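A.B. asks: no sequence on this one, just coordinates:
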């Protein structure tokens, strides 16, 4: 069993803004705790500090038991990485070093198969065994069978980019949950998982004896899996000891108490200052009051040194003005369309103003379908990145005046790398700096306006992408898992923005709450067929009508 303890931790950003201030909390043996809070509040920074990726600027971090870590973007491995490379990211450093030594020895053998190379290879094999490599391979075999349906030996060298985001997540989660580490840090573990995958994760988190600290914005997963809620907001941390179902009421009650304490502090502060001022005036003509005046001054000084109670955190105020525009009645037309190797031919028509949720298991072709619709467009929104072709047969075309805007699931936007949000908005959409900053402020991005895109949190990157869609003038929104990294307030703002949007929305989602707000539900089934259902369907056996 293991635990995590954070003591008086503080972190200041390079621009001088205090992200975390004197944060302390403990997650005990066998507890599953959820770390929640607004995008950019410091959740990922806190996890990275606990994981050892960042050194504490102030304070301390301690844990017992081995530490297994799932980072927010698990696919951030070198180009050409294999399934084995991905699994190695979950392994101890000693095993990763042994794997690198063995790979170098194998390459040397290929270049020159002489006795020194053979001896080097034999030594590397011995080192691999001493580091626990063969035991790890047995574990990884169970993981690949569970996650991918094939043994490790058959997929160890498979390019990891051929796996869907959900398959990558499931594979890493299998390795961590089955592995020896007693403490797990999971940053957005449910992102890219389909609903059966989310339910599997919920069950495993309830069953595991490990200590787990996870970041998630999926309300159903939080309610089913988390024993307690650790909230990061306004630089501080507070803990709700109950389940997520009672969290909103607990947060509201806490903020009301803080407001009342602050009101009482302000009243007492005003009374003390008034007393000091009165005694100062009287002491000028009555020497007998001098000691009382000095005592009142001391009392006021100590009161102010103790400081006011914590200020209630400010609620986010996001204003997403997704406008769209009028298009032809038929926004999307698919005739005998087949994505090569992913689905059987199907026909479909999406009409202007409809809200279509595209559901289905990971790897069924949903993301490819959105990219195809973006690729066949005759016109792209301002600042949009051209989309690579998608192999297909049949016809996919867009209606008159339909301009698609694509929200990328993995936030893979190399065109934005190294650029700040302010610079992006100014250059891509011909905005003056003040106009750009006002637009960023509506999305609560003003504080990170000068940070490079790749340093933003996943939620901040998602909000920036939605802002770019707004400014680009898209009349067809193609949203690939838009709520995955959004905090609750941002997801609610997105839903409100979509309700007033004058255009067509096609969204791939595994967010059970978000999906309920859509009009039509198109299901990409695991057998390759495309069907339609009258309500969100997560169990394929409930699909009632085939298109």
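C.D. replies: Looks like it came in fine. Source: prediction; values computed, not measured.

A.B. asks: what separates the closest residue to residue 473 other than its chain neighbours from residue 322, distance-wise?
C.D. replies: Leaving out its chain neighbours, the residue that sits closest to residue 473 by Cβ to Cβ, 6 or more residues apart in numbering is residue 381, at 5.5 Å. C-beta: built from backbone N, CA, C; applies to glycine. For residue 381, the distance to residue 322 under the criterion Cβ to Cβ, to the nearest Å works out to 12 Å.

A.B. asks: any common contacting residues for the two?
C.D. replies: When contacts are counted by Cβ atoms under 8 Å, 6 or more residues apart in numbering, residue 381 and residue 322 have residue 469 as shared neighbours.

A.B. asks: circling back to that earlier point, what pLDDT does the residue nearest to residue 473 get?
C.D. replies: Per-residue confidence for residue 381 comes out at a pLDDT of 74.

A.B. asks: how about the contacts made by it?
C.D. replies: 403, 404, 405, 469, 472, 473, 474.

A.B. asks: confirm that the third one sits in a helix.
C.D. replies: Same thing as residue 405. No: assigned with DSSP: H, G, I helix; E, B strand; the rest coil, residue 405 falls outside any helix and is strand.

A.B. asks: could you list the domains of this protein?
C.D. replies: For the chain, whose domains are defined here by automatic domain parsing, the residue ranges read 252-306, 330-546.

A.B. asks: pretty sure residue 117 is touching residue 104, no?
C.D. replies: No: contact between residue 117 and residue 104 fails when scored by Cβ atoms under 8 Å: they sit 10.7 Å apart.

A.B. asks: the two: which is more packed in?
C.D. replies: The residue with the greater number of neighbours, taking residue 117 and residue 104 and applying other Cβ atoms under 10 Å, is residue 117; the counts read 17 against 13.

A.B. asks: go through whichever strand or helix holds the more buried one and flag the buried ones.
C.D. replies: Residue 117 is part of helix 115-130, with elements assigned from DSSP states H and E. Using 16 or more other Cβ atoms under 10 Å as the burial criterion, the residues of helix 115-130 that qualify are 117, 120, 121, 124, 125, 127, 128.

A.B. asks: count the neighbours of the nearest residue to the fourth one once chain neighbours are set aside for me.
C.D. replies: In this case it means residue 124. In space, residue 124 comes closest to residue 105 once its chain neighbours are excluded; the distance is 3.8 Å by Cβ to Cβ, 6+ apart. Applying the criterion other Cβ under 10 Å, we find 21 residues in the vicinity of residue 105.

A.B. asks: hang on, residue 105 in a helix?
C.D. replies: Yes: the assignment for residue 105 is a helix, going by three-state DSSP.

A.B. asks: so it sits against residue 126, correct?
C.D. replies: No: between residue 105 and residue 126 there is no contact under Cβ under 8 Å: 10.7 Å.

A.B. asks: state which helix of this protein is the longest.
C.D. replies: If each helix of the chain is counted by residues according to DSSP state H, the longest one is helix 247-283.

A.B. asks: check which residues of the very next helix or strand once past it are buried.
C.D. replies: Scanning forward in sequence from helix 247-283, with DSSP H and E defining helices and strands, the next element found is helix 290-306. Going by neighbour count (16+ other Cβ under 10 Å), the buried part of helix 290-306 is 293, 296, 300.

A.B. asks: avg pLDDT for helix 290-306?
C.D. replies: 92.

A.B. asks: now stretch 407-418
C.D. replies: Summarised as a single mean, pLDDT over stretch 407-418 is 76.

A.B. asks: go through stretch 511-522 and flag the buried ones.
C.D. replies: Within stretch 511-522, the residues that qualify as buried are 511, 512, 513, 514, 515, 517, 518, 520, 521, 522, counting by 16+ other Cβ under 10 Å.
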